[in-house]
Structure formats: structure tokens, C-alpha cells
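Peer 1: Here's a sequence, model it:
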Amino acid sequence: MAKQPRVVKVLAALLVSMTMGAFVLMALGSNPPSAGPFCLSAYYQLDSVDHAIRSKACQAPHRWNSVEIYFSGTKRGSLQQPAGAVDLNCHFVICNGAGANDGEIQPSEWWQKQWSIQPSRTWQGSDKTIRICLIGDGVTTVPTNYQLKRLETLLEALCRKFGISPDAVYLPSDCQ
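Peer 2: You can find the predicted model right below:
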């Protein structure tokens, strides 16, 4: 019984301090803190890379032997809202937050059907090359941290799944 007044005092102090903390937080406003350049919680809300590389068609182990990454040459875009016809000439689009979620990997119909990209005036690659489009131009619109992290994860998954050598991954000259 002698400890009961102490317990009451501790609980009262806890109640007062939590109430004061709540008032301080409400006074500061409802603006969340800045996420900064890279927010792990937003990153984990994106679909998994394994989900992105699944396709409707059968994926033969040696179907692909190289990967080419290129910039869209636009500041914004996605597969649903292309900013130019070049956006659609690829297997994957990695968005930059302007047009779709930052770091979102969008598999194209070419990938879903496991079709090769058709050569065009801007690309004369092999029929065994996976093309990945990074939204941006690499100069004024550089890749975001999300885009680079998701690109790295996508490349690891594709190389592992199809036995593609890291030497057969071709980056744009202005991308590291």
C-alpha cells in the first residue's frame, strides 16, 4: 500500500507529459517532415522487381543475352502517358516521379509477350537485347535515386534469371 501513491504520481506525470507532447505536435501543424532525397518507406511501397519481370509468355532461359539502358530524352512520361514514341520502344520503363511513381518499373507489352524490340532509326540492336528506358534526358533531368536503385535491382534480377553477363549490360555514356 505504501507504493500506491508513487504509482499514482508516475502515471499522472506520464499522462501530463504525453498530453503536453500531443499539444506541441498539434501546434507544429500537420505537415509531415521532408522525406529527403531517398525515403525507404516510399521505396518499399513500389511493386517488387520479381513482379515486374514476370510475363504472360514463356521465358526461355537463354532467350536474352544483353541489356541496353537508354534515356527517354523527355522530362516526364510513363507507358500509359508517353511523352514521345521512343518511350514505347522498350521492354521496361523506369519512371522518375513525373508521370508515374518515382522508381516505378513498368513492363511493356513487348516484355509481356517476350517479343524482341524492332530496330528503328535510333536503335539497331540484337533481337536478344532487353531494352530499359529511364525517363529523363540524362542532362537536365538526371536519374533520381529511386530510378538508379530500381535499375540496379532490375538488372541484378534479369542477369540472374537469364544468365546475362554484367559485361553485356550497356549503359548510356552519361549514366554511372
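
Peer 1: ok, so what distance separates the residue nearest the centre of the chain from Met26?
Peer 2: The centre of the chain sits closest to Gly103, judged by Cα atoms, centre = their mean, with a distance of 2.1 Å. From Gly103 over to Met26 the distance is 33 Å, taken as Cβ to Cβ, to the nearest Å. For the C-beta atoms, the positions are set from N, CA and C on the backbone; glycine is no exception.

Peer 1: Can you list the residue ranges for helices in this structure?
Peer 2: In the chain, the helices defined using DSSP state H lie at 4-28, 40-44, 49-53, 109-112, 145-162.

Peer 1: will you turn the ones you listed into JSON lines that also has distance to Ile132?
Peer 2: Formatted as JSON lines, the entries for those read as follows, by distance: least, Cβ to Cβ, whole Å:
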{"stretch": "helix 4-28", "distance to Ile132": "42"}
{"stretch": "helix 40-44", "distance to Ile132": "18"}
{"stretch": "helix 49-53", "distance to Ile132": "11"}
{"stretch": "helix 109-112", "distance to Ile132": "10"}
{"stretch": "helix 145-162", "distance to Ile132": "7"}
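
Peer 1: looking at those, which one has the lowest mean pLDDT?
Peer 2: Comparing mean pLDDT over the helices of the chain, the weakest stretch is helix 40-44, at a mean of 60.

Peer 1: Hmm, His62 is touching Gly163, no?
Peer 2: Yes. Taking Cβ atoms under 8 Å as the definition, His62 is a contact partner of Gly163 at 6.8 Å.
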